[in-house]
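A.B. asks: Fold the following for me, if possible:
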Amino acid sequence: MWDPDSYLAFGDLRARPFSDLLARVGAREPRRAVDLGCGPGTLTPLLARRWPDAAVEAVDSSTEMVAAARERGVVATIGDVRSWVPAPDTDVVVCNAVLQWVPGHGELLGRWMTELRAGAWLAVQVPGNDTAPSHTELQRLLAQPRWRGLPDPGLPGAVLDPAGYAALLADTGAEVDVWETTYLQRMTGRDPVLDWLSGSVLRPVRSALSAAEWAEFRSEFAARLRAAYPADDDGVTWFPFRRVFAVARVVR
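C.D. replies: As a prediction, this is how the structure comes out:
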């Protein structure tokens, strides 16, 4: 279950990759722009602001996130990206921080590129930090006897490297722009990295534990994260976060 409030605790840091992705989309007057995996809908209005004459479509698989988006005035619907099909007038699709949850999503990207009309744009961003201490320490903790059997939120190999996305999209004949960025995120608080992860990758673990067990798990994981990401003397924790971006324009 997604918790919109927890996810938005770092709203500014989560918003920046979306804006950086959108900046590379060259569509001028799209008829329809889609926020595929819209979350709580805080970023969807950027599509309407960029293209005020476009119909804006927002989709997410989480009922909690869709409800939060609707409360913000976003016209959002519940749907699974794996079965989503673009409407004939779709000219822009933005899929931000979603496909890391979809194993084998390369095939999905290929299908979208064949279904979108010539001249349409597809823009994708995925976290690329599977080998970071935040994730490797989580795997080590989940391997401990006390926590063995809990849902493993990791999807090793789910995210390709930039060259992988470039090759996949170029094979469709598209014009392709692929890059990666490591954001050095400035965080404060006692356990900011833990708080960040609690709003995303730790959701399956939290759902499987009682309140007391979750408190125990958090305590153990927090100690590992403090060692991996120690705070500076001024209380600031710098959390490197790698992301992979791909923008493709359909050509045929």
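
A.B. asks: which residue is nearest the centroid of the chain?
C.D. replies: Using CA atoms, centre = their mean, the residue of the chain that lies closest to the mean C-alpha position is Ala97, 1.4 Å off.

A.B. asks: can you list the residues that contact stretch 91-105?
C.D. replies: Identification of contacts with stretch 91-105 by CB atoms under 8 Å, 6 or more residues apart in numbering yields 14, 17-18, 21-22, 25, 27, 30-37, 43, 47, 51, 54, 81-82, 86, 108-109, 112, 116-117, 119-127, 155, 158-159. Placement of C-beta: from N, CA and C, glycine included.

A.B. asks: mind redoing it with 7 Å?
C.D. replies: Contacts to stretch 91-105, defined as CB atoms under 7 Å, 6 or more residues apart in numbering, come from residues 17-18, 21-22, 25, 27, 30-37, 47, 81-82, 86, 108, 112, 116, 120-127, 155, 158-159.

A.B. asks: Kindly export it (C-alpha atoms) in CSV.
C.D. replies: Output of stretch 91-105 as CSV, limited to C-alpha atoms (Å, rounded to 0.1, in the frame of the first residue of the first chain):
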residue,chain,number,x,y,z
ASP,A,91,1.5,12.7,-28.4
VAL,A,92,3.4,12.7,-25.1
VAL,A,93,3.9,9.9,-22.5
VAL,A,94,5.8,10.6,-19.3
CYS,A,95,6.5,7.6,-17.0
ASN,A,96,8.5,8.8,-14.0
ALA,A,97,10.0,6.5,-11.4
VAL,A,98,7.6,3.7,-12.2
LEU,A,99,9.2,1.0,-14.4
GLN,A,100,11.7,-0.1,-11.7
TRP,A,101,8.7,-2.0,-10.2
VAL,A,102,8.0,-3.8,-13.6
PRO,A,103,10.4,-6.7,-14.3
GLY,A,104,11.0,-7.0,-18.0
HIS,A,105,9.7,-3.6,-18.8
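
A.B. asks: Quick check: Pro151 vs Leu142, distance?
C.D. replies: 9 Å (CB to CB, to the nearest Å).

A.B. asks: repeat for Leu169
C.D. replies: According to CB to CB, Leu169 and Leu142 sit 33 Å apart.

A.B. asks: higher neighbour count, these two?
C.D. replies: More crowded of Leu169 and Leu142, by other CB atoms under 10 Å: Leu169, with 25 against 19.

A.B. asks: From the contacts of stretch 91-105, which land in helices?
C.D. replies: The helices, defined by DSSP state H, take in 17-18, 21-22, 47, 108, 112 from the contacts of stretch 91-105.

A.B. asks: which of these tops the neighbour count?
C.D. replies: That'd be Leu47 among these, by other CB under 10 Å, with 26 neighbours.

A.B. asks: Report the contact partners of that residue.
C.D. replies: Leu47 is in contact with 33, 35, 56, 94, counting by CB under 7 Å, 6+ apart.

A.B. asks: Distance to Val236 and pLDDT added to those, as a markdown table?
C.D. replies: Shown next, in a markdown table, are the contacts of Leu47 (distance: CB to CB, whole Å; pLDDT from 0 to 100):
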| residue | distance to Val236 | pLDDT |
| --- | --- | --- |
| Ala33 | 37 | 98 |
| Asp35 | 32 | 98 |
| Val56 | 37 | 97 |
| Val94 | 31 | 98 |
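
A.B. asks: Identify the farthest-apart pair in the residues you listed.
C.D. replies: Maximum pairwise distance among the contacts of Leu47 (CB to CB): 10.3 Å, between Val56 and Val94.

A.B. asks: tell me the phi and psi of the nearest residue to Trp214 once chain neighbours are set aside?
C.D. replies: Leaving aside its sequence neighbours, Trp214 sits nearest to Arg206 (CB to CB, 6 or more residues apart in numbering; 5.6 Å). In terms of degrees, to the nearest 10, the main-chain angles of Arg206 are phi -60, psi -40.
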